[in-house]
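> need a 3D model of the following:
(one chain, ligands or ions: 2)
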Amino acid sequence: GRNASLRAAVAPRIVPKAKSGSQISPQASYKVAVLGAAGGIGQPLGLLIKMSPLVSELRLYDIANVKGVAADLSHCNTPAQVLDFTGASELANCLKGVDVVVIPAGVPRKPGMTRDDLFNINAGIVKSLVEAVADNCPEAFIHIISNPVNSTVPIAAEVLKKKGVYNPKKLFGVTTLDVVRANTFVAQKKNLKLIDVDVPVVGGHAGITILPLLSKTRPSVTFTDEETEELTKRIQNAGTEVVEAKAGAGSATLSMAYAAARFVESSLRALAGDPDVYECTFIQSEITDLPFFASRVKLGKNGVESVISADIEGVTEYEAKALEALKAELKGSIEKGVAFANKQQ
Ligand code: NAD
Ligand code: LMR
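Ligands and ions are numbered 1, 2, ... in the order given. From the prediction side, this is the model:
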């Protein structure tokens, strides 16, 4: 029917088609909230989510300008109903009953800044929004986009723990953009059909903590040492590439919205019972000695079903060294987030 044709038109462009003939219920319909919905990421992300046949309600929250964004999106003749919420007093109603909460609220980088330079402003924003999530929709999947992700996800975890509702299987740092970039750059470099390329990206989401495991690219590809070095650096530096090109007007918003929409769509497919959903994401994990680590996971109805530790086994010497080298920075960023969350109360 109508949903099936919409899905055929839209979904495959966002989420690569599953390999096996996986089935999800055609009746699947979920409520998704975007916090920071009037921003550079929030607006195109709202549009992409509005196009998903799996969404029955799209709840948009921002501290400013959200009414116009919602009015605009609500005219698209796709099934999702669009609701707008603004100001702290409306946040609880925005969150009650939602299945997935996406958080792109916060300030973006300008040239010359690191993601950690955003900590002072964004840490507090994420903390207060996640407190509201804990109070109103503790069972929801939580997707954290706000930077620095390496710290904001640990902050969210501490907030949820304090509220007694932390479920590590449902808290995700969104690192999909790193995979999207890696897939694009590798396909370009090696002249591969884009749709087929899948590069796992592990570690974290800043500088050298972003580690593409090029040796684990599917389909199997070989790279010279020079290609590995060049591609790894470009993937690690891709956010900065956009920040510099935008020259003060912000960071990646459109490619980020695309990546975040893919992660939302994957989460909804997992909730709907699709047995074949895999994404890279920054989560609490035991596959390294760090408490949080991005890696490929299998998503299911209850969130992370399993962590694919095999990706970080049998890596090349280059990757093994890079993995060791990123640990100190990632550990520091995690600890900074935990300390912030705990000093505040
Ligand atoms: P933006 O400034 O264009 O939009 C941010 C929005 O958040 C604004 O509309 C603002 O009003 C809103 N906001 C601020 N405080 C809020 C609060 N307390 N509650 C609700 N909304 C609030 O920025 P952007 O370009 O959309 O980027 C947002 C964040 O995403 C930045 O921190 C950026 O670094 C990060 N980002 C992450 C990735 C990633 O891969 N994870 C990629 C790109 C950007
Ligand atoms: C990105 O990777 O594009 C985002 O983290 C935004 C940034 O500051 O680079």
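> which ones are touching the closest residue to residue 37 other than its chain neighbours?
The shortest distance from residue 37 to any non-neighbouring residue, by Cβ to Cβ, 6 or more residues apart in numbering, is to residue 60 (3.7 Å). From N, CA and C alone the C-beta is placed, and that goes for glycine too. Listed by Cβ atoms under 8 Å, 6 or more residues apart in numbering, the contact partners of residue 60 are 33-34, 37-38, 42, 46, 66, 69-70, 73, 82-85, 94.
> which ones among the residues you listed are found in strands?
33-34, 82-85 (DSSP state E).
> give me the buried subset of the contacts of residue 60.
33-34, 37-38, 42, 46, 66, 69-70, 73, 82-85, 94 (16 or more other Cβ atoms under 10 Å).
> for these, which one is nearest ligand 1?
residue 38 (4.2 Å; Cβ to the nearest ligand atom).
> how far away is the closest one from residue 121?
17 Å (Cβ to Cβ, to the nearest Å).
> next up, phi/psi of the residue of the chain found nearest ligand 2, please.
Distances between the chain and ligand 2 by Cβ to the nearest ligand atom are smallest at residue 239, namely 2.3 Å. Phi and psi for residue 239, reported as degrees, to the nearest 10, are phi -60, psi -40.
> what distance do you get for it to ligand 1?
7 Å (Cβ to the nearest ligand atom, to the nearest Å).
> what's the burial count for that residue?
Applying other Cβ atoms under 10 Å, we find 24 other residues in the vicinity of residue 239.
> try residue 113
Residue 113 has 15 nearby residues by other Cβ under 10 Å.
> so the nearest residue to it once chain neighbours are set aside, which state does it fall into?
In this structure, residue 113 finds its nearest non-sequential neighbour in residue 243, 7.6 Å apart by Cβ to Cβ, 6+ apart. Using DSSP: H, G, I helix; E, B strand; the rest coil, the structure places residue 243 in helix.
> swap in residue 281?
Once three-state DSSP is applied, residue 281 turns out strand.
> local confidence estimate at the closest residue to it other than its chain neighbours?
Computed as Cβ to Cβ, 6+ apart, the closest residue to residue 281 that is not its neighbour in sequence is residue 172, at 4.5 Å. pLDDT for residue 172: 99.
> wasn't residue 172 part of a strand?
Yes. Applying three-state DSSP, one finds residue 172 inside a strand.
> coming back round to it: in contact with the residue nearest to residue 113, which residues are there?
Contacts of residue 243 by Cβ under 8 Å, 6+ apart are 108-111, 113, 250-252.
> distance of it from ligand 1?
Counting by Cβ to the nearest ligand atom - residue 243 and ligand 1 are separated by 9 Å.
> now do residue 157
From residue 157 to ligand 1 the distance is 16 Å (Cβ to the nearest ligand atom).
> residue 189 now?
From residue 189 to ligand 1 the distance is 22 Å (Cβ to the nearest ligand atom).
> lovely, talk soon.
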